[in-house]
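Student: From the sequence below, what's the structure:
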Amino acid sequence: MTEADSRTSVRGYVEHIVYRNEENGYTVLHLAADGEEITCVGSLPFLSEGELIEASGRFTVHVSYGEQFQIEHYQVKMPDDEVAIERYLGSGAVKGVGSALAARIVRRFGKDSLRIIEQEPERLVAIKGISERKAREIAAQVEEKKDLREAIMFLTQYGISTALAVRIFSIYGNEIYHVIQENPYRMADDVTGVGFRTADEIARRAGIRADSDFRIRSGMLYVLGQAEGEGHIYLPKELLFSKAVELLGVSPDGMEEQLMNLVMERRVVVKRLSAGEGAGADLFPFTAEPEDDIQMIDAVYLAAMYHMERNTARMLHDLNISAQIDENTVLEQIRRIEKRTKVTLAQHQREAVLETVRSGLMVLTGGPGTGKTTTINTMIAYFEEEGLKIALAAPTGRAAKRMTEATGHEAKTIHRLLEVSGGADGGTAAFGKDASDPLEADVIIVDEMSMVDAFLMYALLNAVTVGTRLVMVGDVNQLPSVGPGSILKDIIEAGFCKVVCLTQVFRQSQESDIVMNAHRIHMGEHPVLDNKSRDFFFLKRQDANMIISNTIQLVSQKLPGYVHAAANEIQVLTPTRKGLLGVERLNRILQQYLNPPSPRKREYTKGDILFREGDKVMQIKNNYQIVWEIRGRYGYAGDSGTGVFNGDMGVIREINEALQQITVEFDDHRYVDYPFGGLDELEHAYAVTIHKSQGSEYPAVVIPLLAGPRMLMNRNLIYTAITRAKSCVTIVGDPEVFGQMIDNTRQQRRYTSLRYWICNPMLA
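Tutor: So this is what the prediction gives:
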């Protein structure tokens, strides 16, 4: 029998809804059809008990639940006889109408009951128990269900899924017909899950012209949004236009006019800035006025990004105040702390503690082994003696955990410190701590500042009151944040607040070739690759398959015993997502060797990705609404909260087909249930990009290395990868590529202007 032949159809009443996943609409229901009860499953987000449906699909046999009818397509049929109408009205599909009231309605109006409800609802008041208000409510509910069905049928002809159609209708209602015909691009702004490309396809099917004003404006907004995802705060106007022309396939004529329309709509801001040369090629402007010898750039911002960056600069200036202190008294107190803790600080470390006492805003930076943690601990000890309240934070859970272990004081993620919760649309963050309810702390110390992006920095500053000391700690030579902005670098280069750079590598750290080679790489020197080290190894290989074979052997056999860690704790870091040694290919191969198939492990395939119980996975986007709970050894729930963030890593503990969900355990025993429809937020993490590893530390890392894009394969990428390892680094690959990366100081340009606003405080 062919697949087409196995399809069949059923007709019946929804007797009982057994289960519904509100996230993806997956539903299990019992259907009364021809005197028998059929268990049906499928994405049926708006079906109600009592409704009559005609469905097509196929019968399947589930290993645990027996025979089921998998619904692929269906239509809701209006009941056409008195028994069916009474059954529908009395099923609970219409709120406020129970079986007794349904019987009275049908007894009075017979087969005409539904027409009366829709067209002459005032006649319902003749029935005992129905007031004029209740009659209107009954009519509105029946009409709404009818409108929804018709809208879904209309939207599906444009390739829109049922679940997305329900979401669109919930926003626009019956206005959806006007939206589709006039400007489908509105949906890219208003509807979560509809991006520019989806809206563009709908517009094409609806016959909207390729050079329509709506399309050009929406395309430019899309390009700016994509640029944000690549780390930019703005784009130069010429670059914006060229990318929009490439995306839309239209002439640049008229783009200037549409850009001005976006300005008038207050959706973008165009600002003329002066640009100079500089490392990283960021803007280094000093004036907003044109000058003959200064190149000018028309910077185009999404309005929210523009205002956020300007306000960030303003709040930084507000915090950057100095206090009058007795320097000798402070230094004497620092010396007492050194004696009590049996630690001897270097000159720059003492200077950092002193400046933290004196300054409202201060940056502490330095490479591995230079004593940042010791300096932080001395700061904490000083302020504790002063009776001040201290808050410690870091951008990721792993970084916060490391900070807690290193200081002996609880450190929270910045999100948790700010009491994050889901925004109204689930896509943006809402913070409990802000200007109206600021953080109650006298000193806030934030580690791994190189990871903090523009959004998180703005949210943090918004919750810090003037007079609170903010200490920003990080290694400016690491990669910039995954999100937009170049916060730590811009603050340091603006030169407006105190920056202490630790450069002395301490004796105990000098024994580590990981630390010493990281510093050599930072200085442009090439490490000796003779494999005489105890913690830094280079296996020279030229063939991708041989590199992968060695990587598997290292992770599964050789390194766990050497560094006394489980194989799952050892991390493969690679520069790229695509290619022979990219994340996507490596994860498919590593999964087969590190978590092979087993009758005891359940699996689920989403697109071309196979998830298996025991898989190592990573969250790849911020989800502020998703619920987590801490579960004990026997599954008992303890603390709970919301929010899982980009870069969080965990292990798949259960795949439950009946509930259509995957359960992942993250750090600190936080369990999260992902509906099958939400698995686009997860990917395998046996191998991750070096960018995604920021802020993390692993017992050992393995770095497979062959040639890649020159702009990507640079010094700070390999520096960041090496500094992720605590006990052992093994690079497997081409030593010539390794040397080229050390020599390549070029970085991908980030268009940011925080330094501009800091240097021009009157404009911010």
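Student: Strands of the stretch 501-650 of the chain, residue ranges please.
Tutor: Per DSSP state E, counting those that start in this stretch, the stretch 501-650 of the chain carries strands over the ranges 536-540, 571-574, 603-606, 609-612, 616-619, 623-631, 637-644, 649-656.
Student: Residue ranges in the stretch 251-400 of the chain under the pLDDT threshold?
Tutor: 275-294 (pLDDT under 70).
Student: which stretches of it form helices?
Tutor: Shown for the stretch 251-400 of the chain, the helices assigned by DSSP state H, counting those that start in this stretch span residues 255-264, 303-319, 327-341, 347-358, 372-385, 397-407.
Student: Now name the helix or strand holding E37.
Tutor: E37 belongs to strand 36-43 when assigned by DSSP states H and E.
Student: Buried ones in that strand, by neighbour count?
Tutor: Buried residues in strand 36-43, defined by neighbour count with 16 or more other CB atoms under 10 Å: 38, 40-43. Bear in mind the C-beta positions are built from the backbone N, C-alpha and C, glycine included.
Student: What of stretch 498-507?
Tutor: By neighbour count on 16+ other CB under 10 Å, the buried set for stretch 498-507 is 498-500, 502, 505-506.
Student: distance between it and the chain's centre?
Tutor: 33 Å (CA atoms, centre = their mean, to the nearest Å).
Student: Need the contact partners of it.
Tutor: Outside stretch 498-507, the residues within contact range by CB atoms under 8 Å, 6 or more residues apart in numbering are 346, 348-349, 351-352, 355, 358-359, 361-367, 369-372, 375, 492, 515-516, 519.
Student: out of these, which are buried?
Tutor: The buried subset of those - by 16+ other CB under 10 Å - is 346, 348-349, 351-352, 355, 358-359, 361-367, 369-372, 375, 492, 515-516, 519.
Student: What score does the closest residue to V194 other than its chain neighbours have for pLDDT?
Tutor: Distances taken as CB to CB, 6 or more residues apart in numbering put M187 closest to V194, at 4.3 Å, once the chain neighbours are dropped. pLDDT, M187: 89.
Student: export the helices of the stretch 251-400 of the chain to a markdown table and tack on distance to Y751?
Tutor: What follows is the helices of the stretch 251-400 of the chain, written out as a markdown table (distance: least, CB to CB, whole Å):
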| stretch | distance to Y751 |
| --- | --- |
| helix 255-264 | 16 |
| helix 303-319 | 10 |
| helix 327-341 | 41 |
| helix 347-358 | 31 |
| helix 372-385 | 30 |
| helix 397-407 | 27 |
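Student: Please identify which of the ones you listed is closest to V97.
Tutor: helix 303-319 (45.7 Å; CB to CB).
Student: and for that closest one, what are the contacting residues?
Tutor: 228, 233-234, 266-269, 271, 301, 360-361, 454-455, 457-458, 461-462, 464, 466, 468, 470, 484-485, 491, 496-497, 752-754, 757-758, 761, 763-764.
Student: Wait, L763 touches W757, no?
Tutor: Yes. Between L763 and W757 there is a contact under CB atoms under 8 Å: 6.6 Å.
Student: Which residue of the two possesses the greater neighbour count?
Tutor: Higher neighbour count among L763 and W757: W757, with 22 against 13, using other CB atoms under 10 Å.
Student: quick one: average pLDDT of the strand or helix carrying that one?
Tutor: W757 belongs to helix 754-759 when assigned by DSSP H and E. Taken as a whole, helix 754-759 carries a mean pLDDT of 93.
Student: roughly how far apart are Q660 and N623?
Tutor: Q660 sits 18 Å away from N623, going by CB to CB, to the nearest Å.
Student: what does I390 give?
Tutor: With CB to CB as the criterion, I390 and N623 are 30 Å apart.
Student: for E338, same thing?
Tutor: Taken as CB to CB, the span from E338 to N623 is 44 Å.
Student: what about these two, which has more around it?
Tutor: Of the pair E338 and N623, N623 is the one with more neighbours under other CB under 10 Å, namely 22 against 18.
Student: Could you give the bridge partners of the more buried one?
Tutor: Counting by DSSP bridges, N623 forms beta bridges with V644.
Student: Verify the stated contact: it with V644.
Tutor: Yes. Between N623 and V644 there is a contact at 5.3 Å, judged by CB under 8 Å.
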